[in-house]
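**Student:** Quick one, what's the 3D model for this:
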Amino acid sequence: MSVQSRILILGVGSIGERHLRCFQSTGRCEVAFCEPMEARRNEIAERYGVIGFDSWGAALEAENFSAAVIASPAPYHVPTAQALAERGIDLLIEKPLSLNTEGISELVETIEKNNTRVTVGYVYRALPALQKMRAAVQSGTFGKIIQIQVQTGQNFPFYRPAYRDIYYAKAEQGGGLIQDMLPHSLNAVEWIAGPATKVVVDAEHKVLDGVTVEDTLNLIARHGDVMSNFTVNQHQPVNEFVMTVLCEKGATRWELKGHRWLSTKENGGDWTEEESFVHERDDYYILQANVFLDLLDGKADPLCPLADGIDTLHSILAILKSRETNAWVNVA
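**Tutor:** Numbers count the residues shown, from 1 in each chain. Predicted coordinates:
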């Protein structure tokens, strides 16, 4: 019998606790965590029956770990990944990869030198309906991609009632729609159409009480010859994500709500549902955890390779610059 991987979760805020719970639920690994806040550390340790440390340094001194999930605040992702990669620990780094490019090239060098296995936590890539739609588009049956349209939104205060008191309230901590929610949909589009090459954005704070960061956005992007547009908000009642891929010989559509993908080739016709799936919120992360464990076992590739996470980071930085300049910006 093979020895189970031992996974260290760094940070057990909302997303870190979800990772801990979902890795634990796979039954394929042992889990521990680190959390500097003592009350939170004790609460999580008791709730899940796992060991909690006050720092990743203390954890590594006490035990050997196969891999780590970096779920700490975004400004710490890259320096923490650098330190762990130097120690030969494989990584799942939560999105966004970073808020700037500082330390990125050094991290890439370390990962290549140590053959570290790394994935970035763009969890939508784990969803079967999106995977199936992407495969259909890539097969060529619908012809060349012309345009991708995205409409997505959710009521952020419903899911994160303490949003005023966490990172979200401050752009320098990764707050605001551009750094918090948009990367998910942008990364999904880049997975299909390739990295954005130029962008222009209109973003503004419209609704959410107690913060000044943007919560409503319209974005136009180019991915080489492919055009894309995004309408995104963090205040609508229904949590949805609809992506329509328009091609030369037809079109496909992925819907997060209902976890289904559709297609059409008939002019004047209607959508045909191809496949649908049943998922609860934790299922997204259980799927992602299983693929990461397969990666550790040498049975899978990263869902989102580091290079793809870096591409999305460059796109987000260009979008932030576009907002400042009110102009088109070429993606670095």
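
**Student:** domain parsing for this structure?
**Tutor:** Split into domains by automatic domain parsing, the chain comes to 5-123, 124-278+304-330.

**Student:** Of those, which is nearest residue 287?
**Tutor:** Set against residue 287 and scored by Cβ to Cβ, the domains of the chain come closest in domain 124-278+304-330, at 4.0 Å. (Glycine included, C-beta is placed from N, CA and C.)

**Student:** those strands in the stretch 151-300 of the chain, which residues are they?
**Tutor:** Using DSSP state E, counting those that start in this stretch, the strands found in the stretch 151-300 of the chain span residues 198-204, 216-223, 226-233, 235-247, 250-255, 260-264, 272-276.

**Student:** Which strands border the third one, and is each parallel or antiparallel?
**Tutor:** Okay, so that is strand 226-233. According to DSSP bridges, strand 226-233 forms sheet pairs with strand 145-155 (parallel), strand 216-223 (antiparallel).

**Student:** tell me the contacts of residue 200?
**Tutor:** Neighbour list for residue 200: 219, 220, 221, 322, 327, 328, 329 [criterion: Cβ atoms under 8 Å, 6 or more residues apart in numbering].

**Student:** so which of those residues is the most crowded?
**Tutor:** With neighbours set by other Cβ atoms under 10 Å, the maximum within those is found at residue 221, which has 28 neighbours.

**Student:** Model confidence for that residue, exactly?
**Tutor:** Looking at residue 221, its pLDDT reads 98.

**Student:** isn't it right up against residue 199?
**Tutor:** Yes - if you go by Cβ atoms under 8 Å, residue 221 and residue 199 touch, sitting 4.7 Å apart.

**Student:** Which residues are in contact with each of those two?
**Tutor:** When Cβ under 8 Å, 6+ apart defines a contact, the residues bordering residue 221 and residue 199 alike are residue 315.

**Student:** So what does residue 215 look like in phi/psi?
**Tutor:** Residue 215 adopts backbone torsions of phi -130, psi 0, taken as degrees, to the nearest 10.

**Student:** Tell me, how many residues neighbour it?
**Tutor:** By the other Cβ under 10 Å criterion, the neighbourhood of residue 215 contains 25 residues.

**Student:** Now do the contacts for it.
**Tutor:** Per Cβ under 8 Å, 6+ apart, neighbours of residue 215: 156, 176, 177, 205, 206, 207, 208, 233, 234, 235.

**Student:** What residues are bridge-paired with the last one?
**Tutor:** In this structure, residue 235 has beta-bridge partners residue 155, where bridges are defined by DSSP bridges.

**Student:** what stretches of the stretch 201-332 of the chain score poorly on pLDDT?
**Tutor:** Applying pLDDT under 70 to the stretch 201-332 of the chain flags no residue at all.

**Student:** Now with 90, please.
**Tutor:** 281, 332 (pLDDT under 90).

**Student:** cool, and the stretch 1-150 of the chain?
**Tutor:** For the stretch 1-150 of the chain (pLDDT under 90), the answer is 1-4.

**Student:** which residues in it form strands?
**Tutor:** With DSSP E, counting those that start in this stretch as the criterion, the stretch 1-150 of the chain has strands spanning 5-10, 29-34, 52-53, 67-70, 90-94, 118-121, 145-155.

**Student:** Compile those into TSV and extend it with columns for distance to residue 192 and mean neighbour count.
**Tutor:** Supplementary listing: the strands of the stretch 1-150 of the chain in TSV, determined by distance: least, Cβ to Cβ, whole Å; neighbours: other Cβ atoms under 10 Å:
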stretch	distance to residue 192	mean neighbour count
strand 5-10	30	24
strand 29-34	31	22
strand 52-53	39	22
strand 67-70	26	26
strand 90-94	22	25
strand 118-121	17	25
strand 145-155	7	19
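
**Student:** what are the phi and psi angles of the spatially most central residue of the chain?
**Tutor:** Nearest to the mean C-alpha position of the chain, counting by Cα atoms, centre = their mean, stands residue 122 at 2.4 Å. Backbone torsions of residue 122, given as degrees, to the nearest 10, read phi -90, psi 90.

**Student:** sorry, back to before: TSV for the strands of the stretch 1-150 of the chain, including distance to residue 296?
**Tutor:** As requested, these are exported to TSV (distance: least, Cβ to Cβ, whole Å):
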stretch	distance to residue 296
strand 5-10	5
strand 29-34	9
strand 52-53	21
strand 67-70	6
strand 90-94	6
strand 118-121	10
strand 145-155	31
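
**Student:** now the closest residue to residue 91 other than its chain neighbours: how far from residue 68?
**Tutor:** Leaving aside its sequence neighbours, residue 91 sits nearest to residue 118 (Cβ to Cβ, 6 or more residues apart in numbering; 4.7 Å). In this structure, residue 118 lies at 11 Å from residue 68, with Cβ to Cβ, to the nearest Å as the measure.
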